[in-house]
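In: Output the structure for:
(one chain, ligands or ions: 1)
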Amino acid sequence: MKILSFEEEARHLAFIVDFLKVFNADLKDRQSTTTQGILETRQDINENISNVVDFADGNVMEFVQMLPEIRRTEMNYNYIETMRERTERMIPKPYFGKITVDGEPIYIGTGTIKNRDNDILIYDWRTPVASLFYENTTGDLSYRIPDGSRIDATVEQRRQFIIEDSRLLNMFDSDVYIGDEILQRMITDSSQSKLKNIVSTIQQEQNDVIRLPLSQDTLVYGPPGSGKTSLAMQRIAFLLYQHKETLNPENILLISPNEVFNDYLSDVLPELGENHVRNTTFFRLISHFPYFKGRHFEHVYDNIKRLRQDDEGHDIYEFKNSLEYFQSLHGFMKHLETDGIEFRTLQGENGLFATREELVHTFYNELGGHPISRRLSKMQERLLSRYTEEVKRLTNERYRELRDSNKYIGEAHELKKEAHDFAKKQLKTVHRQVALFRFVHFEKLYVNSIYDRKFRNMTVRSVKENDFKYEDIAPLLYMYIHLLGRHDRQIQHVLIDEVQDYSNIQYYVMRHYYRKATFTSLGDPNQQIHPGRKDALVAKNHVQKRLERSYRSTNQINAFLNSIIPDSIQSASVDGDEVQKVQTEDELGYVRDILRSGEYPQVAIITPSREAADHYYAQLEDEFPQMKNLGETDTLYNQSFIILPYYLSKGFEYNTVILTDAQSYSDSKHILYVLASRATRHLHLLNPTE
Ligand SMILES: Nc1ncnc2c1ncn2[C@@H]1O[C@H](COP(=O)(O)OP(=O)(O)OP(=O)(O)O)[C@@H](O)[C@H]1O
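Out: Model (predicted):
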C-alpha cells in the first residue's frame, strides 16, 4: 500500500475538483438540452395531438406511444438535476475521509461520484463500506451489507482531511494522532450558529445507531450534547439512502418538542443530500382528527407553567399519565365490546334524528358480532343514509308547502332548490355529528374511564368548560384511535426527539397511530422538565442504546452540569471559561454589557417567563435591532441575539447563554440542567441560589 504524502493528496484533490467542475458544467449543458427536449415534446403534443384526445381519431395511440419517451426524458432530467446539485455542493469539499481497504483507497464524502468508466471516485458516507471509516480505527474489521450479512475487510489506513474552498488545509492519520483532531476542531469551531452536519466526525457509538436496520425499534438515551438530534438527522439521511427504492422523505416523520425544529431540519438535511422530511409535534396530532375541532386543549408550555405554579394540578397530571391508568384504560375499552358505550342523541332542527338508546341498541344488538371500529363505521354508514332519506323527505314536504302556499312565487326547480336548502339546513348539525363521529360520546367515555372520583369530577368540569388540560390529550386520542381504528398509512419511520418528555400513554398514542412505522426514539431522562412525575418508558422490543460522551459544551460547563446531576456527563470536549455565577442588582445592565462587548457571536438570554422575555426585549430591541424575541410558534431560531422563555429552549444550543433570574429554577434541578446545557462556550447565571 502506498501512503500518499500531503502534496500527493493535494494533487489528488485538485484532480477531483477539476473532475467535479467539468462534470458539473456538462450537467448544466445537458440540463438545458433536456429542458429544451421536454419543452419540444410538450409542444409537439400540443400542436400535433389535439388536447381533446379523440379515440376515433386514432391520436390516442400516438399519445400513448409517446409516453415512455416523455417519462424517460423526465427521469433523465431528474437524474441530471440531482447530480448537478450534488456536484455543486461537493466542489468546495468533495470528501472528508479516506480509508484504504484491502489495498484500495476509498474516499468518503456526502455523495457518490463515479467517472465515465463507472469507477467510484468518492463513496457516499452511507455506503456499507464507508461504515469502516466510522470504526475510527485500523486493522481487521467487518461491515454490514444490506442483506444483514457481514463482510470482513482489512483497513490499512484511515485518514481525515480538512478541506475548505476546494483546498487541502490539513490531514490526519488516526493511528498517528491520539484522539480525533478534526472532532476537536469541529467542537471548538463556534463560528457556526447552525446545527452542524457531523458527517465527517460521527463517532463509533453514534454510527452504530445511525446504521441500525429500518425494521428495528430503537430507544437511545444520552446526556445533553451527545449528538442525539444530530444522529436523528444522520439516521434519516442514512435510511433514505439505504432504502432508496421504497422509502421517500414523505414516509419519514420527526416528532420534536416544538415548532422551531423545522429550521433545524432545513439547515441540515439538504447538506446531507435530503430534504422534505415531515416534522410535527405531539400537540399537533389533535388537529389530525376533526372530531376534536372546537375543543380547547392546554398547550404543553402552559401546562408546565401551571404545574410549576400550582401544586393542585400535579395529582391529576400524574394519574392520567400513569401506567396504572393506562393499563386500566385497556380493560375499560375491552369492556366496551359488551357494555358501557356512550352515544349522543342526535337532534335536528326539525326534531329527533336518533336517540342514544337506539344507537346503543344498534351497537350491541344488531352489530354486536363485529369489532368496535367496524360497528361504528357501519353505524355511520346507516346514519348517513338515514340523513339522505330524511333530507329527501323534508325537501318534498317543504316543496309541497312552498308550492301550496301562495306566498312564494317561482319556477318549480327554484322552489325545489329552496326546499332542498331548507332541509339541509335543518339537518346541518346532525350531518356534522355523523360525519365527524360525534354521535360517539368520547368525552363521556373518557370521564367514565377515570376510576378515581375526585379526578373524574375534575375532568367533568374540564369537559363542561371546554377547558381540556394537556394530560387529557393522550387518553382521548388513545380511545379515539382505538375505537375508530384510525391509523396513518404513509409513515414508515418515526423519530421522536426528547422522548423523555412523553409518558407511556403519549408514546403509545404515537406508536398506535403510526402503526406501520418503526421508531427511533431519543432522549435523556435527566432532561425531563415536566414538573409531574412519570413512570419510566416501557419500550418493549426496542433495542436500547446509550451514548456516553458529550460534544457540545466546554469541560467547565460539563463539570457544572455534573455538579447539578452527579456523573451525568462524560465530557469529550475542550476547555473554556469558568461558568460565571453573578450576583447583581442590575441584571439588565449585565446583559447589556455582554451584548455591547461584541465578544460573543451568538447570545441566548433565557428568562423564567414569557413576561420577562418580553420585558427584556422591550428594553433591548432599540439598541440591538438584530435581537429576536422567540415566540411560541416561531420557526426561526438562528439568530445572533435571541431572547426566549426557558420552556422554548429545549434541544437547541447557543454559543453564549445567560440565565436571567437563575434562582427561579431552584424548584427543579432538571430545568436548570437543561438550560445550562444549552451553552456551547460561555455560561452566565444571574443571581443563582448559592
Ligand atoms: N460526532 C460528532 N462530531 C462533531 N460534533 C458533534 C458530534 N456529535 C455531536 N456533536 C455536536 O454536539 C452538539 C450537540 O449535539 P446534539 O444537539 O445533536 O445533542 P443532543 O444529544 O441532541 O443534545 P440535547 O439532549 O441537549 O438536546 C452539536 O453541536 C453537535 O454538532
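In: When you work out contacts or count neighbours from here on, use the C-alpha atoms and nothing else.
Out: OK.
In: Low-confidence bits of the stretch 101-250 of the chain, can you list those?
Out: 175-197 (pLDDT under 70).
In: Going along the chain, name the strands of it.
Out: 104-109, 113-114, 120-124, 139-144, 150-164, 167-173, 218-221 (DSSP state E, counting those that start in this stretch).
In: Name every strand pairing with the strand or helix carrying residue 628 and say which way it goes.
Out: Assigned by DSSP states H and E, residue 628 belongs to strand 627-629. Using DSSP bridges, the strands paired with strand 627-629 are strand 641-645 (parallel).
In: and after the partner strand, which helix or strand comes next?
Out: Counting by DSSP H and E, what follows strand 641-645 is strand 654-659.
In: Tell me the first helix or strand C-terminal of that following strand.
Out: Taking DSSP H and E as the definition, the helix or strand right after strand 654-659 is helix 669-676.
In: got a list of what residue 604 touches?
Out: Neighbouring residues of residue 604 by CA atoms under 8 Å, 6 or more residues apart in numbering: 641, 642, 643, 644, 654, 655, 656, 657, 658.
In: Also residue 500?
Out: Counted by CA under 8 Å, 6+ apart, residue 500 has contacts 522, 523, 524, 525, 527, 528, 537.
In: in stretch 79-95, what counts as buried?
Out: 80, 83, 84, 86, 87, 88, 89, 90, 91, 93, 94, 95 (16 or more other CA atoms under 10 Å).
In: Tell me how far that stretch lies from the chain's centre.
Out: 27 Å (CA atoms, centre = their mean, to the nearest Å).
In: State the mean pLDDT of that stretch.
Out: Stretch 79-95 comes out with an average pLDDT of 91.
In: Least confident secondary structure element in the chain?
Out: Within the chain, no helix or strand scores below helix 181-188, which has a mean of 58 by mean pLDDT, DSSP states H and E.
In: what is the most centrally placed residue in the chain paired to in the beta sheet?
Out: By CA atoms, centre = their mean, the mean C-alpha position of the chain lies nearest to residue 254, the distance being 2.1 Å. Beta-bridge pairing of residue 254 under DSSP bridges involves residue 279, residue 495.
In: contacting residues for it?
Out: 277, 278, 279, 280, 494, 495, 496, 497.
In: quick one: secondary structure of residue 516?
Out: Assigned by DSSP: H, G, I helix; E, B strand; the rest coil, the conformation of residue 516 is coil.
In: Same question for residue 100, what's its three-state structure.
Out: strand.
In: I meant residue 330, not that one.
Out: helix.
In: all numbers from here: first residue = 50
Out: All right, first residue 50 from here; so that's residue 379.
In: State the number of residues packed around it.
Out: Look at residue 379: counted by other CA atoms under 10 Å, it has 14 neighbours.
In: Quick one: name the residues of the stretch 500-649 of the chain near the ligand.
Out: Contact residues, the stretch 500-649 of the chain versus the ligand (CA under 6 Å from any ligand atom): 600, 601.
In: what are the ranges of the strands in the stretch 500-649 of the chain?
Out: Using DSSP E, counting those that start in this stretch, strands in the stretch 500-649 of the chain cover 542-545, 567-572, 592-595, 598-599, 619-620, 629-631.
In: can you tell which of those strands is closest to residue 342?
Out: Closest to residue 342 of the strands of the stretch 500-649 of the chain is strand 542-545 (CA to CA; 25.1 Å).
In: what about residue 648, how many residues close to it?
Out: 9.
In: now residue 666
Out: Residues lying near residue 666 (other CA under 10 Å) number 20.
In: and what of the one 5 residues further on?
Out: Neighbour count of residue 671, defined by other CA under 10 Å: 10.
In: domain assignment for this protein?
Out: 55-250, 267-336+535-598, 339-386+494-531, 395-489, 604-735 (the TED database).
In: Let's have the ones you listed in a markdown table, adding distance to residue 257.
Out: As requested, these are arranged in a markdown table below (distance: least, CA to CA, whole Å):
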| stretch | distance to residue 257 |
| --- | --- |
| domain 55-250 | 9 |
| domain 267-336+535-598 | 9 |
| domain 339-386+494-531 | 31 |
| domain 395-489 | 40 |
| domain 604-735 | 18 |
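In: per-residue confidence for the residue of the stretch 350-499 of the chain found nearest the ligand?
Out: Here the stretch 350-499 of the chain gets closest to the ligand at one residue, residue 350, 17.4 Å apart by CA to the nearest ligand atom. Residue 350 is assigned 87 on the pLDDT scale.
In: Cool, thanks, signing off.
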